[in-house]
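J.: With the input below, show me the fold.
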Amino acid sequence: MKTAFLFPGQASQYVGMGKDLYENVARARELFDAANDIMECDLKSICFEGPAEELKQTKYTQPAIFVHSVIMAELLGMTAAAAAGHSLGEYSALVASGALSFENGLRLVRKRGELMQEAGTRSPGTMAAVIGAEADVVETACAEAADAGIVQPANFNSPGQIVISGSVEGVDRAMAVLKEKGVRIVKKLPVSGAFHSPLMQYAQDELGAVLAETPISDARFPVYSNVTARPVTAADEIRDNLLRQVTSPVLWEASMRNMRSDGIEHFIEAGPGNVLQGLLKRIDSDASCRAVGTHEELVADA
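T.: Sure, this is the predicted structure:
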């Protein structure tokens, strides 16, 4: 049976994440302690104790989820046939595949989080979840709202679950258009910026210089790219996709369908929460998936 890792993105964090791993597993302690040194802050305290408002800051959220996810995948002690990660989670997937080291991956994620938070300050924007609408309806609504401001689909998560992103004016207008089209659930998200939209261009430009200097190897197994929904192993293509990812939509539903078509039978969501497990069930109810993010779940999985 071909098994793939899935790695969560931003919004999967919770206060207390990873604390049980730190208390019970020497390797988890080693990596959390190393993360504190690389981050030059007490990341593990933010993960373990909060407060929630601090953990929600993009510059801490992204490294926290990355560290927890990488630890979880390593502790599972298995070689996957493939991997995918939702937005930020793509970095965790690349570490699992051997394309990035833990240290270089965390440095990239730290910089990415800082730059995306800064981009949100420089070019304020927002995001909204659209529930129960087809992709073409959402795309049309964004196009019709373009005269009000920047807005585009940001995450194609699952059938009937799409996130839009852009300027406050653009998103507000798109939300109104969607409601006019009969979409019943359109909800603003509590985010610090318009992720995966052109308003993240500053972050993309600055991250490009960092990516250019970061060692990236060919992946040992395919990682399905957010930007293309296709498997990637070549280092140069990985680098390019990570850069494009900052302003491009996350093609999660297409990635999962392609993984299934390519013979993946079982999925393990490694990291905090079980958001991706839920999305996968909506994409393909026949897909087998389990979430492993705590010491209890790790022991049960052994």
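J.: use CA for all of it now, contacts and neighbours both
T.: Fine.
J.: So which residues of the stretch 1-150 of the chain form strands?
T.: Under the criterion DSSP state E, counting those that start in this stretch, the stretch 1-150 of the chain carries strands at the ranges 3-7, 82-85, 126-131.
J.: can you list those strands in a markdown table and add mean neighbour count?
T.: Compiled in a markdown table, the strands of the stretch 1-150 of the chain are given as follows (neighbours: other Cα atoms under 10 Å):
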| stretch | mean neighbour count |
| --- | --- |
| strand 3-7 | 26 |
| strand 82-85 | 28 |
| strand 126-131 | 23 |
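J.: who's in contact with Ala4?
T.: For Ala4, the set of contacting residues under the criterion of Cα atoms under 8 Å, 6 or more residues apart in numbering consists of 80-84, 264, 266-268.
J.: just Glu54 next, same as before
T.: 46, 60.
J.: again, but for Glu90
T.: Taking Cα under 8 Å, 6+ apart as the criterion, Glu90 is in contact with 7, 84, 223, 225-226.
J.: how about 7 Å then?
T.: Neighbouring residues of Glu90 by Cα atoms under 7 Å, 6 or more residues apart in numbering: 7, 84.
J.: would you list the contacts of Ala4 in TSV and tack on distance to Cys142 and pLDDT?
T.: Shown next, in TSV, are these (distance: Cα to Cα, whole Å; pLDDT from 0 to 100):
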residue	distance to Cys142	pLDDT
Ala80	38	95
Ala81	37	97
Ala82	33	98
Ala83	31	98
Ala84	27	98
Ile264	34	97
His266	35	97
Phe267	33	98
Ile268	34	97
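J.: out of these, who's nearest Tyr22?
T.: Top of the list for closeness to Tyr22, among these and by Cα to Cα, is Ile268 at 20.9 Å.
J.: still on that earlier bit, output the strands of the stretch 1-150 of the chain in JSON lines; the columns should cover distance to Ser248.
T.: What follows is the strands of the stretch 1-150 of the chain, written out as JSON lines (distance: least, Cα to Cα, whole Å):
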{"stretch": "strand 3-7", "distance to Ser248": "18"}
{"stretch": "strand 82-85", "distance to Ser248": "15"}
{"stretch": "strand 126-131", "distance to Ser248": "14"}
